[in-house]
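1. only geometry, no sequence info:
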């Protein structure tokens, strides 16, 4: 429980630091989001390396996505993804009905415009993890009602 609170505090402080440091240079919101996603990408690469060192190779993309939804998500957020959907053409939607990094924000629509900065790190985290498993992807997040969110993973065919 304590490590979960520490992770949330660290995540919030990183967001505040990036937004405050870029305020001085008058950088726009998109560059801050990119910085957060790049940080998440690197962390995701490192975590997936550590989590998969003793596991067998994955058969296909679906096995990789199942691993992300169960083992990876549980290790980082202490719960599995609530729903995984796919169109079997390289698009996966991961739904978390109570995303931990959004629970500190009010459950409603008044803080919806702040959601992207709280999701950018996680988008990078998933993209970095997939990258180290040999899956090139684009990860986006969408929130309609807090704290539920959907992460869309589009697999890039090489």
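-> Sure, I can see it. All values reported here derive from a predicted model rather than from experimental measurement.
2. any weak-confidence spans in the protein?
-> Along the chain, segments meeting pLDDT under 70 span 1-4, 22-27, 105-111, 158.
3. where do the strands sit along it?
-> 83-86, 91-96, 137-142, 149-155 (DSSP state E).
4. residue nearest the centroid of this protein?
-> For the chain, residue 122 is the residue whose C-alpha lies nearest the centre (C-alpha atoms, centre = their mean; 2.0 Å).
5. got a list of what it touches?
-> Counting by C-beta atoms under 8 Å, 6 or more residues apart in numbering, residue 122 touches 40, 99, 101, 141, 151. For every residue, glycine as well, the C-beta is placed using N, CA and C.
6. turn those residues into CSV, including distance to residue 20.
-> CSV is the format used below for those (distance: C-beta to C-beta, whole Å):
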residue, distance to residue 20
40, 19
99, 24
101, 19
141, 23
151, 27
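7. so which two of these are the farthest from each other?
-> Longest distance between any two of those is 14.0 Å, between 40 and 99; criterion C-beta to C-beta.
8. surely residue 128 meets residue 39?
-> No - Residue 128 lies out of contact with residue 39 (C-beta atoms under 8 Å); the separation is 9.4 Å.
9. these two: who's more crowded?
-> residue 128 (25 against 17; other C-beta atoms under 10 Å).
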